[in-house]
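*Asks:* Sequence below, structure please.
(3 chains)
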Amino acid sequence: MAEVQRHWWRWVLGFAILLVVATAPAWLLLESEQRTLASVFMFVVLAQGWNLIGGFAGYPSFGNVVFFGLGGYTTAVLMVKAGAGFWITLPAAAVVGVGFAALMGIPILRLRGHYFAVATLGVAEGMREVVINTGGLTGGNRGLTIPAVGADATTSYPGNTGFYYLFLVLALGAMVLVWGVARSRFGYALRAISQDEDAAAAAGINTTRAKIAAFALAGLLTSLAGAIYAFQQVSIYPDRLFSVDITVLMVVMAVFGGAGTVIGPMVGAVILQYLSEWLRDNLTDYHTFVFGGIIVLAVLVMPMGLVNFTRDAWKQRRISLLAATRKYRL
Amino acid sequence: MTEFLQATVYGLLDGGLLALFAIGFSLVWGVMNIVNLAHGALVVTGAYVAWKLNTAMGLDPYLGMFVAAAALFAGGYLVQRLLINQVVNAPIWMTLLLTFGLDLLIVNGLILLFSADFRSIRSGIGSNSLALGDVRVPYERLAGFGIAVAVTLLLVWFMNHTRTGLAIRTTGMDRAAARLMGVSVRHVYALTFGIAAALAGMAGAVLGTINTFSPASAPQFTLQSFVIAVLGGLGNMWGALAGGIMLGLVQAWGGQYLSGTLINAIAFGVLVLVLIVKPSGLVGRPFYEARAEA
Amino acid sequence: MRDLRYAFVALIVLGVALVTAAGCGRADSGGGSSGVKGGKLKIGAALSLTGSLAKEGALTKQGYQLCQQKVNDRGGVKVGDKKAKLAISYSDDKSEPDTAARLIDNFNDDGTKLILGPYGSPSTEAAAATIERNGQLMADSSGADDNIFTKGYKNTFAVLSPATDYVATIVKSIAQDAKPKPTTVAMLSADDGFSQTAAKGGVAEAKKQGMKVIAQESFPEHTTDVSSALTKVRGKHPDVILGSVHVEEGIAIVKQSRELNVKPMGFGETVAPPTPDFKAALGESANGVLGSTQWVAQVKGSDPIFGTAKDYARDFEKRFGTAAEYHSAEGAAACLALVLAVEKAGSADPKKVRDAMAGLDTPSFFGPIKFNDRGQNVSKPMSVIQIQNGDVTTIYPKEQAQAKLDWPGTGG
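*Replies:* Okay, here's the model as predicted:
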């Protein structure tokens, strides 16, 4: 409670923002803006999912998109082939995501550093190929189209506003989850693993269980996002649902904002998604080029992420870039 | 039997080319613990340098590849010295992010400069092949393979018998010790990246004679380098060659006896399997094993 | 060095501030349902200007641009009794279907109801679903996959021939003109949806023409190594090797056939041979290869905006300095269909334009434009070309042919 009193203005601010965000579709946002924001929320979820395994536990997964794709395909296959309603597919997607994370985590979480990164990448790419080659179930490269209009539709299409709220709720859930993890024993265990795994084990932390739990939570968030995304898109393709770009984006967003912090991934997702939208609208030919330049600059100037950077600057009452960067320089 | 032999020939020759992509990638990873996501972009840049020299001045790609190597060496040295060295000690995902940004810059820069058209370089050899009974050995691929083997030999010699090479190896094994012995780590890192970029550029030029390329091909080369570097063991030159050849063979045989669309699935399956079973790579004991990778 | 870093920060802060500003200060949106404002008819186009389809996207954009120029040169689009200047606004979908769909929503909020299609079947399919929900209208310039047209969408019209025609047309031309007539065919195909559909159409047509399909092989899209497929086919000695492919796989088939000494009577490779890249990469070996295309400069028919196909080719070269090819012609034709439908409807109201579009039946530089009840332009024949002495030469159908089929066509 003391916490609440000391930081009362944060809570007020938080609720004010939440109130605006929750009611915005009614009075502030056009349909297309709701759609853009829905994708921002989606990336908040993905970045937070990565944050759990990459930021807290320090295992740089480069294949989180595999959960996204599996979640999306679970929903799509159930809706198309089994005629299931959308809401029933959500828990199914979650089960698939968590289950796959746990199964894959057992052998792969033994690897460290770049080896872990490459293994996860391999699993994601391999899974895409599996989906492509099981055309009977997944439609292969021709994709799957979820019936969204007319008599075939098992669940009526929620429209842009509907998906805005779906992704909003999921993003809030992700924020609360990560917030909870950050201040729990489990969170401290993950941080300990990220600092020095052997020391953590020696201190009595069951590192294997903690890592798998973190990976499974990442799988949960990511597969749910994939499930909603699949319905939103109507037509899905393996190339898109298992795209390395999606993994890269979630890593970039989490790291840009500040990996291992609670609000960093959210800040990163919001800023980068808006930045890339804005660049695309204003620099038709050059936007990806400029985006690349901005990432390079951001890494050089604030390698510890925007949130930590701002916090340090605030504490020291001066924007000192040199001090922050110096410790990573050769 | 002919089919098997033919597939083997292609797998072997392709593997050599793949190895040429991957040696530099593996070197950078092994020595500096940096996964260079822009590696594929460097390969494509090399291909464009050779292509431009060929179309504008009629320079044969087998000479153009040296120009590409020199240009990329200079570029790579500067990139490491000015950019990557600034964050070498940050958590590994920072260098991933930095090289990802570089990849976007290079690939989109190439699109702006050269458009996204598919190009290929016409070498003097042409698409003829040596007939060994029913089995054909295409000359261009044979040349690519020869270059890959020669470069590997040269690099092994360089690493084992020159001061610079030894400095690179020492730095890769123990940076602090290397520094105490008077090695300028900044310079050595930049040299290493320069060499890797030069090899990528050379590989790109050779690739341009064999296959078509466009800026959009870059991610695929990065991925293949990933697989090979892991198969072969990090920083191990022979390992990269062996890993490349193995990947080439597995893909060729897989394409022959399973469905052709499964080629990529096979490659990634092998990768994950190797990582789980023997993460230090398939070939011998990599000389960087001494350093804990964490 | 320190100053430099401060400059970096300043840059980033500036960027963030700009973004925020852009988010808040959005342009006045909405507008009447007529779609004509200030003497301008606004049309939206979401195109792949970056990403893996950047090249084709850029070509399609040229077609749209030429269309705008030609329409405005003659005073604009006649909407009822007024003339409105055509104003196409472009957005980049980064070659991503979900972005394409999002951009369609952007246009909708803008009050832009008339849409020119993105590039490629996946993006077009994603856009078509959104178009349908929003009650917009789309003239599709490049989404040929039948997938798009089996869903009962009412508001998407494709000016181009369906995917099933791409290989089938080549088979027809060979069956009609080749002497000696080939009896066996091997079908090689990339594994993407469009190529698979085209391959299926080709296999069906080959059987109909009495040829035997002795092998069917697939490989991953964008691969540059098709040697395993060719090795498998080699022992069966097919008379014709058909490839349902893109440029890079098409080049690989011809190049590696030569390496592997695979010598059929001819190659037929859908969209690869008409592109300049094909010839540039293969040189002599390109000779004799057949390809199919949505448009050639020999197409018969003319329309009030572009004139004949020859006029179109001339104007295109004048504006862009490169030879006209089919992607841009598809774009121009889609734009033409939309403009003609608006003029016919006398209104820019999407419902009225939709009905006018459905009833469209007109000759054009692109060939006949007339839609079936799914929205596909099945009346238009595709053209078959062959590379003869290094030139792309039209050989089929007869009324467009510049030369006879050179057979056996194995070049070099």
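*Asks:* Could you list which residues are in contact with residue 241?
*Replies:* Picked chain A for this. A:L241 makes contact with A:65, A:68-69, A:72-73, A:128, A:131, A:226, A:229-230 under the criterion C-beta atoms under 8 Å, 6 or more residues apart in numbering or on different chains. No exception for glycine: its C-beta is placed from N, CA and C like everyone else's.
*Asks:* That was the other one, I meant chain C.
*Replies:* Contact analysis of C:I241 by C-beta under 8 Å, 6+ apart lists C:185-186, C:188, C:233, C:253, C:257, C:262, C:264, C:266-268.
*Asks:* mind checking pLDDT for C:S33?
*Replies:* C:S33 is assigned 45 on the pLDDT scale.
*Asks:* residues touching B:G182, list them.
*Replies:* Contacts here follow C-beta under 8 Å, 6+ apart; on that basis B:G182 touches nothing.
*Asks:* Just say helix, strand or coil for it.
*Replies:* coil (DSSP: H, G, I helix; E, B strand; the rest coil).
*Asks:* now the residue in chain A that chain B sits nearest to: how far from B:A38?
*Replies:* When scored by C-beta to the nearest C-beta, chain A has A:G292 as its residue closest to chain B, at 2.8 Å. Applying C-beta to C-beta, to the nearest Å, the value for A:G292 to B:A38 is 10 Å.
*Asks:* Mind listing the shared neighbours of those two?
*Replies:* Joint contacts of A:G292 and B:A38 (C-beta under 8 Å, 6+ apart) are B:102-103.
*Asks:* More neighbours: which of the two?
*Replies:* Ranked by neighbour count (other C-beta atoms under 10 Å in any protein chain shown), A:G292 and B:A38 place B:A38 first, with 26 against 21.
*Asks:* Is it correct that A:G85 is in contact with A:P147?
*Replies:* No: the criterion here is C-beta atoms under 8 Å, and A:G85 misses it with A:P147 at 11.5 Å.
*Asks:* and these two? which has more neighbours close in?
*Replies:* Shown here are A:G85 and A:P147; by other C-beta under 10 Å, A:P147 has more neighbours (16 against 13).
*Asks:* Can you tell me the closest non-neighbouring residue to that one?
*Replies:* A:A153 (4.9 Å; C-beta to C-beta, 6 or more residues apart in numbering or on different chains).
*Asks:* Tell me how many other residues surround that neighbour.
*Replies:* 14.
*Asks:* and it, which of the three is it?
*Replies:* coil.
*Asks:* can you give me the strands in chain B?
*Replies:* Taking DSSP state E as the criterion, chain B carries its strands at B:129-132, B:135-138.
*Asks:* And the stretch 201-330 of chain A, by the same measure?
*Replies:* Remark: strands assigned in the stretch 201-330 of chain A by DSSP state E, counting those that start in this stretch are A:235-236.
*Asks:* Write out the residues of it neighbouring chain C.
*Replies:* A:229, A:232-235, A:237, A:240, A:271, A:274-275, A:278, A:280-282, A:284-285, A:287-288, A:294, A:297-298, A:300-301, A:319, A:321-322, A:325 (C-beta under 8 Å from any C-beta of the partner chain).
*Asks:* My guess is C:A198 contacts C:T169. True?
*Replies:* No: counting by C-beta under 8 Å, C:A198 does not reach C:T169; the two are 10.0 Å apart.
*Asks:* neighbour-wise, which of those two wins?
*Replies:* Taking other C-beta under 10 Å, C:A198 and C:T169 do not tie; C:A198 has more neighbours (30 against 26).
*Asks:* Can you give me the pLDDT of that one?
*Replies:* Looking at C:A198, the pLDDT reads 94.
*Asks:* give the contact list for it.
*Replies:* C:163-167, C:189, C:244, C:270.
*Asks:* Roughly how far does B:V135 sit from B:Q6?
*Replies:* Using C-beta to C-beta, B:V135 is found at 5 Å from B:Q6.
*Asks:* what secondary structure does C:F157 sit in?
*Replies:* Going by three-state DSSP: C:F157 is strand.
*Asks:* If it is in a bridge, with which residues?
*Replies:* Residues in a beta bridge with C:F157, per DSSP bridges, are C:A139.
*Asks:* wouldn't it be in contact with C:A337 here?
*Replies:* Yes: with contact defined as C-beta under 8 Å, C:F157 reaches C:A337; the gap is 6.7 Å.
*Asks:* Touching both of the two, which residues are there?
*Replies:* C:139, C:357.
*Asks:* any idea how far B:L53 is from B:M65?
*Replies:* 10 Å.
*Asks:* and if you look at A:G140?
*Replies:* Applying C-beta to C-beta, the value for A:G140 to B:M65 is 39 Å.
*Asks:* Neighbour count: those two, which is higher?
*Replies:* Neighbours per residue, other C-beta under 10 Å: of A:G140 and B:M65, the larger number sits with B:M65, 28 against 21.
*Asks:* Now the more buried one: closest residue in space, sequence neighbours ignored.
*Replies:* B:A205 (3.5 Å).
*Asks:* What about the one you found, how many residues nearby?
*Replies:* 32.
*Asks:* thought it was touching B:G46?
*Replies:* Yes: between B:A205 and B:G46 there is a contact under C-beta under 8 Å: 5.3 Å.
*Asks:* can you list residues touching both of those two?
*Replies:* With C-beta under 8 Å, 6+ apart as the test, B:A205 and B:G46 both reach B:65, B:68-69.
*Asks:* want to throw those residues into TSV with pLDDT?
*Replies:* Below are the shared contacts of B:A205 and B:G46 laid out as TSV (pLDDT from 0 to 100):
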residue	pLDDT
B:M65	94
B:A68	96
B:A69	96
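*Asks:* Just list the residues touching the residue nearest to B:F193 when sequence neighbours are not counted, thanks.
*Replies:* Nearest non-adjacent residue to B:F193, counting by C-beta to C-beta, 6+ apart: B:Q80, 3.6 Å away. If you count contacts by C-beta under 8 Å, 6+ apart, B:Q80 has them with B:189-190, B:192-194.
*Asks:* Chain B against chain C: which residues are in contact?
*Replies:* Residues of chain B lying close to chain C (C-beta under 8 Å from any C-beta) are B:2-3, B:6-7, B:10, B:14, B:108, B:111, B:115-120, B:122, B:127-129, B:131, B:136, B:138, B:141, B:211-214, B:216, B:220, B:252, B:255-256, B:259-261, B:263-264.
*Asks:* For PyMOL, write the select line for the buried members of these.
*Replies:* Provided next is the PyMOL selection string for whichever of those are buried by 16 or more other C-beta atoms under 10 Å in any protein chain shown:
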select buried, chain B and resi 3+6+7+10+14+108+111+116+117+118+119+120+122+127+129+136+138+141+211+212+213+214+216+220+252+255+256+260+261+263+264
